[in-house]
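Peer 1: Predicted structure and sequence below. I'll ask about it afterward.
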Amino acid sequence: MKVLADTSFKFRENGDPTNFCSSAAERLFDYEPSKLLLGSAEAGDYDVEVARAFLKRMTPENSLIIITGPELGDKELEEAAASAGEESWQTEDRYGGKYRQVRISEDLAKGWNQPAEIDPRLRLPGLNEFIPEDLSLRCDDEESKAAFDPEIDYREQHPDLIVDTPKLRMWHKMDRTFRVPKSSIRLQLTSPNIYRTPRTITLNRIFQKVLQDDLNSYVYDASVAGCNYRVSVAPSYYALSVSGYSEKLPHLLDVVTSRIASLIEEMKEGEEAHPALEKLFSKSKDDLLRQTKNYVYDSPYETATYNFRMLCETPVWHVKDYIGEMEGPEAEAEPLSMKECAEAAEECLFGRTKAVSLCIGNIDEKGSKEVADLISNNFLKKRPLSDDETPRFRSLRMPNKAEAMHIFGESVGSREVPIVYEDLAHSEDEENNAVDLMMQTASSFELGFEGLALQELIASMAYNSAFNQLRTKEQLGYIVAAVVKKSTGGGNGLHVIVQSSSTLPPELEERCLRWVEQFRKELEEMPDSRFAMEAAAVKANLLEKDIKLAEEISSVWGEILSTVPHSEHFKNPDFDRIEKFADVLTLDDKQGNGSDSPIKTAAQLKEKVLEFYDKYFSPDSPDRRVVSSRVYNRKAKAVYEENIGTPGFISSYDDSRKLKQMLTAFPTAPYW
């Protein structure tokens, strides 16, 4: 443990300065200033007497055993040595939690103190095989030193594509900037079978939970030794990552991937062969069902945002579809089984897939290619997906007013917001209402670098204006925001979000619309110098340097993943994308130095911003595509029900599906 603590402290990376100052101030109560940085990372000398005193206190008489579980109200623990089952349930004063308690009997304590035999599973752990021994840096190897160029800023150097096959594309970058013996291996396996039906995505989410619980016993030592892993599933892919000290990462990756394969085989053998695994499967299914059903208790503004996703994206499955696979008459008729779960995961992980990977940090090209071989041998045994088989999600173009009138009739033309999605909060205790007003712009491809940069600049200025007007002055609610959101498939829009316990959604919507007009006047009256200052602030935020390896990994991996849904023509990431955004907002200085952007002055920038605003957000624009998502609390149920069936009002997911059949999709081509 001392070795692990010393290693962790020696190679600790930089963090957020504000968080450091806050935590350092707290540590001053416990450590003298000279020990402030080291703090609890310093392991003291081993003291036999202290250890004995600690062990003497580990007795049944000093123990507190807490058992929690939703099933305790219905049944008692099986084969329990002690139970509070004979006691009556009590209610905790503050939160109303149910509990019961019993003291451990003297006979039971005596038996625990002097057991007839000790369970062989209760033993000291063996030597941790994941503790790193080689902490040298690959950038200090002789070959790497010879290739080092002091004139190059290696922070700006992009990863190299070292494996390019139909099955796998692997990128590699050896770290020369942060100089820590750590690496990260990222892998994404794209499959069209995960989101094929609500049942397949549900089965794969259950498998992820089973795998996570199962792997805890396999790779606990790795987490103690500073190595971490993560396996997650999304609608179009499985993602696997391992990170930590470089020497042990390939071994950790092999352990995780091998266990994935063996776990699937054990699950396929069924309940009789592996009863403990069946219990884990049932527990994971129950956990997923509970989490899915808890969606209805999200905050009203989160529900409003979810409803927009159901309306604006395709294909999508509604949360009710997932619940229907786990409970209800149809689920009882065709229950999910452990064998079916394993087969679904096997098809998505080891069937026909397309993989992209990144090796970055303290790892050289040779080591990265060995990782590529491991990935190929463990996963990529079947022929790859073709471009046409790659799953793609689309964003739908919302109707402008003329199109809404064509769909719903002339009556919607009299409303400023022709299409309104309304929902009712599930909980009787929910006091808040919410509105999410979306003004859709265009696809990223249609906007291009200039349009996206202008949209980002407008959002940066809009946030403070909306908060000041709707929150500070009008006191509508604690949650107020004006932000740009990008939907899956390339859609963009400015969202004005307000959650309020005092005002109903129609009034919230009206206040938001009035702010949109007011903000247009604010922009028009804003001096050129303010536009220059705002553009410089957004640019500085875009170009902020990564201060630790984890931040660089995140930004690089994001650029690589953005290419996955696209065809052969767009498969190479644009690692300079952020710099191109910043160029749009780089104005000429007094000497005439600037960027290649056609926007040279603050006056030109202001003109472009107003043109963009008038086209997409102004109420008189024929291109304005505005939709409102409202959520009412239960007290306003009558108001919600009055609008059901009114043209232009969407009151259910079935209504949403009907409208989506009349909409076109945005182009999915990338803007770079």
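Peer 2: Here it is on my side, so go on.
Peer 1: Give the residue spans of the chain that score low on pLDDT.
Peer 2: Within the chain, the stretches with pLDDT under 70 are 70-71, 73-82, 85, 590-595.
Peer 1: quick one, longest helix in it?
Peer 2: Assignment by DSSP state H gives helix 198-224 as the longest helix of the chain.
Peer 1: Mind listing what's buried along it?
Peer 2: Neighbour counts using 16 or more other CB atoms under 10 Å place 198-211, 214-215, 219, 221-222 of helix 198-224 among the buried residues. For the C-beta atoms, the positions are set from N, CA and C on the backbone; glycine is no exception.
Peer 1: For it, which helices and strands make contact with it?
Peer 2: strand 228-234, helix 249-268, helix 275-293, helix 319-326, helix 338-350 (3 or more CB pairs under 8 Å, 6 or more residues apart in numbering; DSSP states H and E).
Peer 1: So for Q101, which of these sits nearest?
Peer 2: helix 275-293 (24.9 Å; CB to CB).
Peer 1: what angle separates that closest one from helix 338-350?
Peer 2: 80 degrees (axes from the mean of the first three to the mean of the last three CA atoms, to 10 degrees).
Peer 1: Just the buried residues of the helix or strand that helix 275-293 is followed by, please?
Peer 2: Counting by DSSP states H and E, the next helix or strand C-terminal to helix 275-293 is helix 300-312. Neighbour counts over helix 300-312 (16+ other CB under 10 Å) mark 300-308, 310-312 as buried.
Peer 1: Just the closest of those to G477, please.
Peer 2: Y301 (9.1 Å).
Peer 1: Identify the residues contacting that closest one.
Peer 2: Contacts for Y301 (CB atoms under 8 Å, 6 or more residues apart in numbering) come out as 432, 434, 436, 479, 497-499, 631.
Peer 1: check which helix or strand covers A116.
Peer 2: Judged by DSSP H and E, A116 forms part of no helix or strand.
Peer 1: how much space is there between it and I65?
Peer 2: 21 Å (CB to CB, to the nearest Å).
Peer 1: Spatially, which two of the buried residues of helix 300-312 are the most separated?
Peer 2: P300 and C312 (18.6 Å).
Peer 1: and the nearest residue to R176 once chain neighbours are set aside, how many residues sit next to it?
Peer 2: Nearest residue to R176 in three dimensions, chain neighbours excluded: Y154, at 4.2 Å (CB to CB, 6 or more residues apart in numbering). A count of neighbours around Y154, defined by other CB atoms under 10 Å, yields 14.
Peer 1: Going forward, the N-terminal residue is numbered 48.
Peer 2: Right, with 48 as the first residue, what we last looked at is Y201.
Peer 1: from memory Y201 sits against F225, does it?
Peer 2: No. Under the criterion of CB atoms under 8 Å, Y201 makes no contact with F225, lying 10.0 Å away.
Peer 1: circling back: can you tell me which of the contacts of Y348 are in strands?
Peer 2: Taking DSSP state E, the ones among the contacts of Y348 that sit in strands are 481, 483, 526, 544-546, 678.
Peer 1: Could you list every helix and strand in contact with the helix or strand that G540 is a member of?
Peer 2: Using DSSP H and E, G540 sits within strand 539-547. Using 3+ CB pairs under 8 Å, 6+ apart, the elements in contact with strand 539-547 are helix 347-359, strand 480-487, helix 491-513, strand 526-533, helix 552-572.
Peer 1: that older thread, of the ones in strands among the contacts of Y348, buried ones?
Peer 2: For these, buried by 16+ other CB under 10 Å: 481, 483, 526, 544-546, 678.
Peer 1: Redo those residues as a markdown table? Include distance to G460.
Peer 2: Converted to a markdown table, these look like this (distance: CB to CB, whole Å):
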| residue | distance to G460 |
| --- | --- |
| A481 | 26 |
| D483 | 23 |
| I526 | 32 |
| I544 | 26 |
| V545 | 26 |
| Q546 | 29 |
| V678 | 25 |
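Peer 1: Closest to E503 out of those residues?
Peer 2: Using CB to CB, those come closest to E503 at I544, 17.6 Å.
Peer 1: For the closest one, list each beta-bridge partner.
Peer 2: Counting by DSSP bridges, I544 is bridged to D483, A528.
Peer 1: got a list of what it touches?
Peer 2: 348, 351-352, 481-484, 526-530.
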